[in-house]
Structure formats: C-alpha cells, structure tokens
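J.: missing the sequence, but the structure's below:
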C-alpha cells in the first residue's frame with residue numbers, strides 16, 4: 001500500500017507541531033543538545049518524515065528562529081497600539097522585546113545562533129529566505145515608526161543617517177543587554193545587572209543620543225512603562241509572575 005499523501009495545510013500543520021516540540025526541547029534542556037534524533041524521540045514521527053521538513057539540525061534551528069521572530073513581530077504590532085507619543089510607542093516595543101526574552105530565555109539564544117554563517121549555510125534556501133523576510137518585516141515596522149516620529153517633529157534624523165541605522169542602534173543595544181545578562185552565569189561583574197533596568201537604560205541612552213523627544217529628563221518614562229505593562233501586556237506580566245520571573249520595575 002502506498003503512503004497517504006497529505007495536503008499542503010496538513011504538511012504545514014505537522015511542521016509547526018515539530019517546531020513546537022523542538023522549542024520545548026530547547027527550553028527543557030539546552031540549545032546545544034538539540035538534534036534531529038532527539039526530535040524523533042520526542043515526536044510521534046519517523047526520522048524520514050522529519051527530514052521531509054528539515055534537511056538538517058541547522059535547518060531546524062533556523063525554523064525555530066523564524067517562528068520566534070514572527071512572535072516578536074506580533075508583540076511589536078501589539079506594542080504600537082499604546083496610546084502615547086512616538087517615543088512612548090518605541091518604549092512599548094522595547095518592553096515587548098524584553099517580555100518575550102524573559103518568557104523564552106533559551107530561545108533567545110536560538111535566535112542568536114541562527115545568525116551564524118554555518119547555520120545559514122546548512123539551512124534550506126526557503127528557510128533562509130523566510131528568515132530574511134522576517135527580519136526585514138521587523139525592521140520595516142520600526143522604520144515606519146521612525147518616519148512617524150520625524151513627521152511629528154519628535155526626531156530629526158541627521159542628513160548622513162538612514163532609518164535603518166537608528167533601528168539597528170536600538171536593536172543592538174537591547175539585544176546586547178539581554179544576551180549578556182541572560183548568559184552571565186557566575187560573572188561577578190554582571191551579577192548586579194538587572195535585565196529590565198539595563199535594557200531600558202540602553203534604550204534611554206540611545207534615544208536621548210538621537211535627541212528623540214521628549215527626552216528622558218523631560219518625561220517620566222517609568223510611569224509610561226507601568227502603563228504599557230498594564231494596558232498592553234497584562235497577560236505576559238501575569239505569566240512571568242506565574243513562572244517566578246516577574247517583570248521588575250526599576
């Protein structure tokens with residue numbers, strides 16, 4: 001008897017199921033121990049079936065990364081529904097990024113690892129293309145907000161600077177703080193660092209550096225953050241409290 005042919009929607013659904021199983025393995029164990037064999041053991045599917053979805057461990061890792069970026073994008077879109085000035089909306093995006101990282105600490109490093117050239121080289125062309133589209137969508141969301149800030153007179157972009165450079169500065173400042181603090185281990189110098197405080201401090205320094213108004217000396221952004229968490233991200237705040245890793249207001 002020939003094997004049953006599944007529809008495209010069934011194939012997509014099965015692939016998403018496998019990605020979620022792989023994500024749970026990353027969260028329960030660690031990123032470096034994730035293998036196709038472990039996914040086979042944890043799923044109801046054969047190795048042959050799984051290889052129809054992922055050509056390699058790296059391809060699986062890229063699939064996890066793409067799913068995570070799509071989740072972050074959804075949070076960004078929700079964050080920008082905050083009723084406030086342009087800088088407060090950007091602050092809301094920063095809060096959403098921190099919340100996602102706290103909810104998915106191991107997967108933050110899966111996303112980081114997916115930027116490795118070796119991972120891209122061993123991933124399928126379609127997976128790499130999706131990855132570029134996901135990151136481009138994130139950048140596009142931020143670029144639109146930068147345009148709105150310029151139109152509102154809150155930000156004056158230097159003549160020699162593109163929107164993408166402002167976005168990159170904010171992204172790298174947040175990413176760097178989260179990656180360093182969440183991987184600090186027993187580092188004595190990093191031990192006093194608090195994820196929320198340092199991430200938002202970096203954001204404040206970058207935005208003040210661009211002279212994005214209102215400047216932090218002229219606005220109570222701590223109150224803004226409280227409003228953001230209460231009005232936009234209460235479900236995530238409650239989940240963090242349930243996990244024993246509350247969002248720390250500093």
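T.: Structure's in. What do you need? Quick caveat: nothing in here was measured; it's all calculated off a predicted structure.

J.: Kindly spell out which helices and strands sit in contact with the helix or strand hosting residue 180.
T.: Here residue 180, judged by DSSP states H and E, is contained in helix 163-182. If contacts are counted by 3 or more C-beta pairs under 8 Å, 6 or more residues apart in numbering; DSSP states H and E, helix 163-182 sits against helix 86-103, helix 105-113, helix 125-151, helix 195-209. Placement of C-beta: from N, CA and C, glycine included.

J.: Return the set of buried residues in it.
T.: Neighbour-count burial for helix 163-182, with 16 or more other C-beta atoms under 10 Å as criterion, is recorded at 163, 166-167, 169-171, 173-175, 177-178, 181-182.

J.: one step back: single out the most deeply packed of the helices and strands packed on helix 163-182.
T.: The highest mean neighbour count among the helices and strands packed on helix 163-182, using mean count of other C-beta atoms under 10 Å, belongs to helix 86-103: a mean of 23.

J.: Quick one: mean pLDDT over it.
T.: Helix 86-103 carries an average pLDDT of 95.

J.: Equivalent analysis for stretch 152-172, please.
T.: Rounded mean pLDDT across stretch 152-172 is 90.

J.: Show the end-to-end separation of that stretch, please.
T.: End-to-end distance of stretch 152-172 (C-alpha to C-alpha, to the nearest Å): 25 Å.

J.: what does that stretch contact?
T.: Outside stretch 152-172, the residues within contact range by C-beta atoms under 8 Å, 6 or more residues apart in numbering are 85-87, 90, 94, 139, 142-143, 146-147, 149-150, 203, 206-207, 210-214.

J.: For the least confident helix or strand in the chain by mean pLDDT, name the packing helices and strands.
T.: The least trusted helix or strand in the chain, going by mean pLDDT, DSSP states H and E, turns out to be helix 105-113, with a mean of 84. Counting contacts by 3+ C-beta pairs under 8 Å, 6+ apart, helix 105-113 packs against helix 8-28, helix 57-79, helix 163-182.

J.: Check the spacing between the closest residue in space to residue 216 that isn't next to it in sequence and residue 221 real quick.
T.: Excluding its sequence neighbours, the residue lying closest to residue 216 (C-beta to C-beta, 6 or more residues apart in numbering) is residue 204, at 5.0 Å. Relative to residue 221, residue 204 is positioned 7 Å away (C-beta to C-beta, to the nearest Å).

J.: same check, this time on residue 59
T.: When residue 59 is compared with residue 221 (using C-beta to C-beta), they lie 41 Å apart.

J.: now residue 245
T.: Where residue 221 is concerned, residue 245 sits at a distance of 22 Å (C-beta to C-beta).

J.: More neighbours: which of these two?
T.: The neighbour count for residue 245 versus residue 221, taken as other C-beta atoms under 10 Å, is higher for residue 221 (19 against 13).

J.: Can you verify my assumption that the more buried one contacts residue 91?
T.: Yes - Residue 221 lies in contact with residue 91 (C-beta atoms under 8 Å); the separation is 6.0 Å.

J.: Which residues are in contact with each of those two?
T.: residue 200.

J.: Where does pLDDT dip in the protein?
T.: Scanning the chain with the threshold set as pLDDT under 70 gives 1-4, 185-188, 190, 250.

J.: which one among the buried residues of helix 163-182 gets closest to residue 35?
T.: residue 182 (23.3 Å; C-beta to C-beta).

J.: For that closest one, give me its contacts.
T.: Neighbours of residue 182 in contact, by C-beta under 8 Å, 6+ apart: 101, 105, 108-109, 195.

J.: switch to 7 Å and redo it
T.: Taking C-beta atoms under 7 Å, 6 or more residues apart in numbering, we find residue 182 in contact with 101, 105, 108, 195.

J.: ditto for residue 53
T.: Counted by C-beta under 7 Å, 6+ apart, residue 53 has contacts 15, 18.
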